[in-house]
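Engineer: Test case, fold it:
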Amino acid sequence: MKPAAFTYSRARSVADTVEQLAAANGEAKVFAGGQSLGPMLNLRLARPGVLIDIRHIAELRRVEASDQHVAIGATVTHADIEDGGFEDVTCGMLPFVAHGIAYRAIRNRGTVGGSLAHSDPAADWISTMVALDATIVAQSAKEGARRIAAADFIAGAFTPTLGAVELVTAIELRRFSAGARWGYYKVCRKTGEFAKAIGICVMDEAAGVFKVVAGATEGRPIVLGEASRLLREAGPDRAITAVPDEIGQVLAHLTASHRQQMNAAVCRSLAQLSKGRAKA
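Structural biologist: The predicted structure follows:
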């Protein structure tokens, strides 16, 4: 199929982009990597009046690091992260996750900001950013910049808490402590497909961060509170014992087979900590 007719506009800057979004009154879509929007246009699931191309805006590809944080521009690609194009502040977690996204051709074009804005529950970045306590920076012409906690960014499947006239400009991440550990496990039918289940855990004792997350839930990622508490108080082996019951309670709406996959993904991510895997 071919997309419905639209007006193409190549934005010159972030300021130009948000002005165009405001002028379009919700009838515009932003185009970066196009790995999700392109098929939606062709299937006419998306019918924007205006398509705003932001691929050539240098400030959106910028990465800025400080002693405590790093800010990753929204149009940084999965391949940029995979290849270590900038300092990794997550002890290897970001490159590992990026490497597991789809196929290299898609990673060359797909962007981290675009993935977050699309908010597919089965995509890697939305669950990862929740586990990392990331902050999503969005900008509009009227309100300027606002910061949204990753846990609050996705309201549901394909539903970000992002206004129609807002643009994701950056993702802010806290720098891991030297001894931080993490685990990441994804259940897929075959390599390159979207996840059936995602398990992520972060254990940064120096920073007081202990988090266990279930992703690809058909909705927003879920922070497993009891498993996170046990990870803090008793370590990963003890946290694993709490996962099945907690998955059963907080994800009761899923099918039994889906809950089983979710349980396996989360437990295997915690097991990586027990085995000393995924260290800095």
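Engineer: Can you classify Leu173 by secondary structure?
Structural biologist: In three-state terms, and counting by DSSP: H, G, I helix; E, B strand; the rest coil, Leu173 is strand.
Engineer: Let me see the contact set for Cys201.
Structural biologist: 131, 182-183, 211-213, 231, 236, 239, 266, 269-270, 272-273 (C-beta atoms under 8 Å, 6 or more residues apart in numbering). From N, CA and C alone the C-beta is placed, and that goes for glycine too.
Engineer: is it fair to say it lies in a strand?
Structural biologist: Yes. Under three-state DSSP, Cys201 sits within a strand.
Engineer: re the thing from before, could you list which of the contacts of Cys201 belong to strands?
Structural biologist: Within the contacts of Cys201, residues falling in strands by DSSP state E are Trp182, Gly183, Lys211, Val212, Val213.
Engineer: Of the residues you listed, which is the most crowded?
Structural biologist: When neighbours are taken as other C-beta atoms under 10 Å, the top entry among the ones in strands among the contacts of Cys201 is Val212 (33 neighbours).
Engineer: Arg44 in helix, strand or coil?
Structural biologist: coil.
Engineer: all strands for the stretch 51-200 of the chain, in order.
Structural biologist: 63-65, 69-73, 135-140, 144-149, 154-156, 159-160, 167-174, 181-187, 197-204 (DSSP state E, counting those that start in this stretch).
Engineer: List of residues touching the shortest one?
Structural biologist: With contact meaning C-beta under 8 Å, 6+ apart, strand 159-160 is reached by Leu116, Ala117, His118, Ser119, Phe153, Ile154.
Engineer: Output the contacts of Cys201 as CSV; include the columns distance to Leu41.
Structural biologist: As requested, these are exported to CSV (distance: C-beta to C-beta, whole Å):
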residue, distance to Leu41
Ala131, 31
Trp182, 36
Gly183, 37
Lys211, 36
Val212, 37
Val213, 32
Leu231, 43
Pro236, 44
Ala239, 43
Val266, 35
Ser269, 35
Leu270, 40
Gln272, 39
Leu273, 42
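Engineer: Check pLDDT for these and point me to the minimum.
Structural biologist: Among the contacts of Cys201, Leu273 carries the weakest pLDDT, at 89.
Engineer: Let me know whether that one touches Asp204 as I believe.
Structural biologist: No. Contact criterion C-beta atoms under 8 Å: Leu273 and Asp204 do not qualify, at 11.3 Å.
Engineer: And the helices in the stretch 1-150 of the chain, which stretches?
Structural biologist: According to DSSP state H, counting those that start in this stretch, the stretch 1-150 of the chain carries its helices in the segments 14-24, 37-42, 78-82, 93-99, 104-109, 112-118, 124-131, 150-153.
Engineer: Least confident of the ones you listed, on average?
Structural biologist: Ranked by mean pLDDT, the helices of the stretch 1-150 of the chain end with helix 37-42 in last place, scoring a mean of 83.
Engineer: what comes up buried for it?
Structural biologist: Buried residues in helix 37-42, counted by 16 or more other C-beta atoms under 10 Å: Leu37, Met40, Leu41.
Engineer: which one of those is nearest Arg104?
Structural biologist: Each of the buried residues of helix 37-42 was scored against Arg104 by C-beta to C-beta, and Leu37 proved nearest at 19.9 Å.
Engineer: That closest one contacts Arg47, doesn't it?
Structural biologist: No. Using C-beta under 8 Å, Leu37 is not in contact with Arg47; the gap is 11.6 Å.
Engineer: Tell me how the protein divides into domains.
Structural biologist: 7-53, 58-174, 181-274 (automatic domain parsing).
Engineer: From Ala98, how far off is Gly110?
Structural biologist: Shown here: Gly110 relative to Ala98, a distance of 10 Å by C-beta to C-beta, to the nearest Å.
Engineer: residues shared between the contacts of the two?
Structural biologist: With C-beta under 8 Å, 6+ apart as the test, Gly110 and Ala98 both reach His78.
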